[in-house]
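Novice: the sequence and its predicted three-dimensional model are supplied below.
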Amino acid sequence: MNSSPLRHALLAVLAVSAAIAQVKPTITDTIRLTAYADNWFAVFINGKLVAADAIDFLPHNQIAVRILPEYPLTIAVLAKDNAEPATGLEYGNRIGDAGFILRLGDGTVTSSRWKAKAFHRGPLNRDTVNPRVERTPLPAGWHAPGFDDSAWPNAREYPAEQVRPDGDYVAEDFTGARFIWSEDLELDNTVILRTTVPAPPGWVRRWNTSPDLDVTALPREVIGEAPAPSAAGRLANLSTRAQVGSGEAVLIPGFVLAGDAPRRVLVRAIGPGLTAFGVAGALADPILEVLQGSEVVAANDNWQSQPAGAAAASAAMDAGAFPLAAGSRDAALVLNLAPGAYTLRVAGVAGATGVALAEIYLLQ
């Protein structure tokens, strides 16, 4: 039987493939990552979550993990200070401080060469009596290598004496590193920090294998991206803006929750909050009622007048809704509702009229 040229070529390829030994990375290929924040952080490298503070309050927590470097390294950090979402205050009426520090075993350290941008600020103007916040949604892909942060300002360095690290912080573990944050250490409460690290001189990737498992599908509340829709899909938000009259001319939208288990929802009636968007004639003080049939399930006048006011602010942030100003007369409720048909009723206090926005967000 004569061998064809194609068969000879195939045998040659197989011989070369057999000669290439499979090289796996070992612990000696890894480097140490050490990080600390006042108060909380999550570290992404090349788009993958590699470390997150397991303690979201005091004591402050220093974390050390080992990572397998794949240069260039894009490091993206979501850092948060301990601040109430609706006011920017901590422990009731105090303005907090912050700070983040990191060191890699390859010599990479935090410094003013990193990029830093704040996405939650407050209390604005340091007003602790009538606190207000400014919140910007996290941009999609902020953790990824290809994200464009070129227009972001550089991080600002702060001395350890100003940050006052405590908990299990060990200064010797951060030799050469500096505490960094955005421009305002006290008022900027949620900050993204980013940098890209080139390969060290002479570094060569020793291993030729790649992982088979996929750990890229992370929760949307960490990554800031919406999950892929299911085959059936789902409606996550419904809103309608209209003129609210008096008597029978109030705003009455409806919605239906399907399924066989209770669902958590955020419902809001926005009046004063519309003025920030240039809406004229906004309803000054809306009242929100949730009804099932003729029964009032829940009601709210001013969103912060209820014990669950903080929950409404947190739910709005999770749902991607614009924040309500502290002390505003907008109305909001976070409810666990059984499956069924519901009606919202938005009216004005004392029969007042004006433009209002009724919103329904499905949280889970």
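Specialist: The structure has been received and is ready for your questions.
Novice: would you mark the buried spots in stretch 198-216?
Specialist: Buried residues in stretch 198-216, counted by 16 or more other Cβ atoms under 10 Å: none are found. Just so you know, the C-beta spots here come from the backbone N, C-alpha and C atoms, and that holds for glycine as well.
Novice: so what touches it?
Specialist: 20, 22-25, 29, 47-49, 70-72, 106-107 (Cβ atoms under 8 Å, 6 or more residues apart in numbering).
Novice: ok, now with 6 Å
Specialist: For stretch 198-216, contacts defined as Cβ atoms under 6 Å, 6 or more residues apart in numbering pick out 23, 24, 25, 71, 72, 106.
Novice: identify the farthest-apart pair in the residues you listed.
Specialist: 24 and 72 (22.3 Å; Cβ to Cβ).
Novice: can you report how many residues lie near the nearest residue in space to residue 299 that is not next to it in sequence?
Specialist: Leaving aside its chain neighbours, residue 299 sits nearest to residue 289 (4.5 Å; criterion: Cβ to Cβ, 6 or more residues apart in numbering). Residues near residue 289, counting by other Cβ atoms under 10 Å, number 20.
Novice: what's the closest non-adjacent residue to residue 354?
Specialist: In space, and not counting its chain neighbours, residue 354 is closest to residue 283: 3.4 Å by Cβ to Cβ, 6+ apart.
Novice: the one you found: how many residues sit nearby?
Specialist: 27.
Novice: and if you look at residue 353?
Specialist: 16.
Novice: quick one: it and residue 209, what's the gap?
Specialist: Distance, residue 353 to residue 209, by Cβ to Cβ, to the nearest Å: 69 Å.
Novice: from residue 189, how far off is residue 127?
Specialist: For residue 127, the distance to residue 189 equals 15 Å [Cβ to Cβ].
Novice: of those two, which one has the most company?
Specialist: More neighbours surround residue 189 than the other of residue 127 and residue 189, with 30 against 14 (other Cβ under 10 Å).
Novice: helix/strand/coil for that one?
Specialist: strand (DSSP: H, G, I helix; E, B strand; the rest coil).
Novice: how confident was the prediction at the residue nearest to residue 354?
Specialist: We have a pLDDT of 91 for residue 283.
Novice: export the contacts of stretch 198-216 to a markdown table and append columns for neighbour count, secondary structure and pLDDT.
Specialist: A markdown table is the format used below for the contacts of stretch 198-216 (neighbours: other Cβ atoms under 10 Å; DSSP: H, G, I helix; E, B strand; the rest coil; pLDDT from 0 to 100):
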| residue | neighbour count | secondary structure | pLDDT |
| --- | --- | --- | --- |
| 23 | 12 | coil | 87 |
| 24 | 9 | coil | 89 |
| 25 | 17 | coil | 90 |
| 71 | 14 | coil | 93 |
| 72 | 11 | coil | 93 |
| 106 | 16 | coil | 94 |
